[in-house]
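Student: Got a sequence here, can you model it:
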Amino acid sequence: MMTEFTPLSAALGGILIGLSAVILMAFNGRIAGMTAMLGGALAPRDPDSPWRLAFLAGAIAAPMVATAFGAEFSFAAPTTGAVLVLGGVIVGLGVTYGSGCTSGHGVCGLARLSPRSFAATLTFMATTFATVTLIRHGLGG
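Tutor: As a prediction, the model looks like this:
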């Protein structure tokens, strides 16, 4: 399996994610953790629901707008739908027990020098490294 190296688009994406997190913190005093944002947006009568829904809508609409202007995105998951669902359940458990997701801990928590976020991000990265190594080299995927 070939992995494309795209440093410019990755850097631009990272800058935009960081900028959106800074703007949200500056204007709303809130952390841009996508999982907490989604949970709060779906909570009934949450006074923060409007801005959470707007942020999530922007995250969904941005690729659509980029596509309308000629950008191309590709995604391939060489696995079954059942494995993707299982992966989603495992991620959901990790987010629950880790008290946040990669965007909350990795982008916002590290920027605030949070020791808990540092530990969580190291755990995310080590688990990702182990999983990719096992699947690509141990299982021949």
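Student: and the nearest residue to Gly100 once chain neighbours are set aside, backbone torsions?
Tutor: Excluding its sequence neighbours, the residue lying closest to Gly100 (CB to CB, 6 or more residues apart in numbering) is Gly33, at 5.3 Å. The way it works is simple: take the backbone N, C-alpha and C, and place the C-beta from them, glycine included. Gly33 adopts backbone torsions of phi -90, psi 120, taken as degrees, to the nearest 10.
Student: Please name the residues that touch Gly33.
Tutor: 100-101, 103-105, 108 (CB atoms under 8 Å, 6 or more residues apart in numbering).
Student: among those, which two are most distant?
Tutor: Cys101 and Cys108 (10.2 Å; CB to CB).
Student: so where's the chain uncertain?
Tutor: Within the chain, the ranges that satisfy pLDDT under 70 run 1-3, 140-141.
Student: Mind jotting down where the helices sit in it?
Tutor: 7-28, 34-42, 49-68, 81-97, 102, 110-111, 115-133 (DSSP state H).
Student: okay, those, which one's buried deepest?
Tutor: Greatest average neighbour count among the helices of the chain goes to helix 102 (a mean of 20), per mean count of other CB atoms under 10 Å.
Student: what sits up against that one?
Tutor: 121, 124.
Student: chain center to that helix, what's the gap?
Tutor: Computed by CA atoms, centre = their mean, to the nearest Å, the chain-centroid distance of helix 102 equals 6 Å.
Student: per the record, what domains does the chain have?
Tutor: For the chain, automatic domain parsing gives the domain ranges 7-75, 77-141.
Student: Can you lay out the contacts of Gly33 as CSV showing neighbour count and distance to Leu139?
Tutor: Below are the contacts of Gly33 laid out as CSV (neighbours: other CB atoms under 10 Å; distance: CB to CB, whole Å):
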residue, neighbour count, distance to Leu139
Gly100, 23, 29
Cys101, 22, 26
Ser103, 20, 28
Gly104, 23, 31
His105, 25, 28
Cys108, 21, 34
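Student: All good on my end, thank you.
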